[in-house]
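Asks: Here you go, sequence then predicted model.
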Amino acid sequence: MNNLPPQVQIFINALSSIQGIKNVEVNLQPIDSIEVKHLTLPAEYALLPHLAIRRSNGGRNNEALVTFRFDLEKNQSGWVALEFLAWWIRDMCKAEEEIQLRPLAFPPATSSGISLGNSLSFLLELFLVEPNDDPLKIADYVGKSGEHLKFCLDMYSEALEYANQPN
């Protein structure tokens with residue numbers, strides 16, 4: 001994560017600062033060349049936001065997907081973090097931002113053993129159309145989103161602290 005633009009690090013820092021969130025990773029992927037037929041392919045295609053791509057019959061022109069993958073602690077703090085992010089993302093969507101939160105899990109059992117109960121992660125996804133393919137504009141948008149997340153975390157810090165107290 002050391003080679004990331006500082007704007008993207010702002011978002012990572014805000015997300016990582018939420019009690020109950022761990023293992024934050026980020027990925028930027030152009031999806032304008034993704035077609036619906038690709039969604040049946042394995043590997044990296046399996047992690048794509050299938051519904052969003054199907055609804056637009058493929059990635060839109062000059063569309064990029066910024067994905068923040070993270071895990072939750074299996075405790076009260078993890079649930080509070082998930083609830084806070086669910087609210088924040090809904091609020092961002094009301095402001096017409098193209099953002100979503102998706103769960104990710106693997107098959108309950110494979111030849112490697114049982115993964116049920118140990119494979120749940122979450123994908124916070126920002127969809128961006130940048131007509132000039134300018135990575136700095138994408139980074140700026142991610143940074144502004146991170147600043148907004150930090151602002152909301154600060155604004156609701158007392159509520160978060162209260163909700164994270166043991167029952």
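Replies: Good, I have the coordinates.
Asks: so what's the backbone phi/psi at the residue nearest the centre of the chain?
Replies: Residue closest to the average C-alpha location in the chain (C-alpha atoms, centre = their mean): Leu124, at 1.3 Å. When read as degrees, to the nearest 10, the backbone of Leu124 gives phi -100, psi 120.
Asks: so Asn23 makes contact with Glu73?
Replies: No - in this structure Asn23 lies outside contact range of Glu73 using C-beta atoms under 8 Å: 10.1 Å. No exception for glycine: its C-beta is placed from N, CA and C like everyone else's.
Asks: of these two, who's got more company?
Replies: Taking other C-beta atoms under 10 Å, Asn23 and Glu73 do not tie; Glu73 has more neighbours (14 against 10).
Asks: and the more buried one, what does it touch?
Replies: When contacts are counted by C-beta atoms under 8 Å, 6 or more residues apart in numbering, Glu73 touches 20-22, 81.
Asks: Swap in 7 Å and give it another go.
Replies: Neighbouring residues of Glu73 by C-beta atoms under 7 Å, 6 or more residues apart in numbering: 20, 22.
Asks: Strands of the protein, start to end?
Replies: For the chain, strands defined by DSSP state E occupy the ranges 21-30, 63-72, 99-104, 109-110, 113-114, 121-129.
Asks: gap between the nearest residue in space to Leu136 that is not next to it in sequence and Ser17?
Replies: With C-beta to C-beta, 6 or more residues apart in numbering as the criterion, Leu136 has its nearest non-adjacent residue at 7.5 Å, and that residue is Pro5. Distance of Pro5 to Ser17, given as C-beta to C-beta, to the nearest Å: 19 Å.
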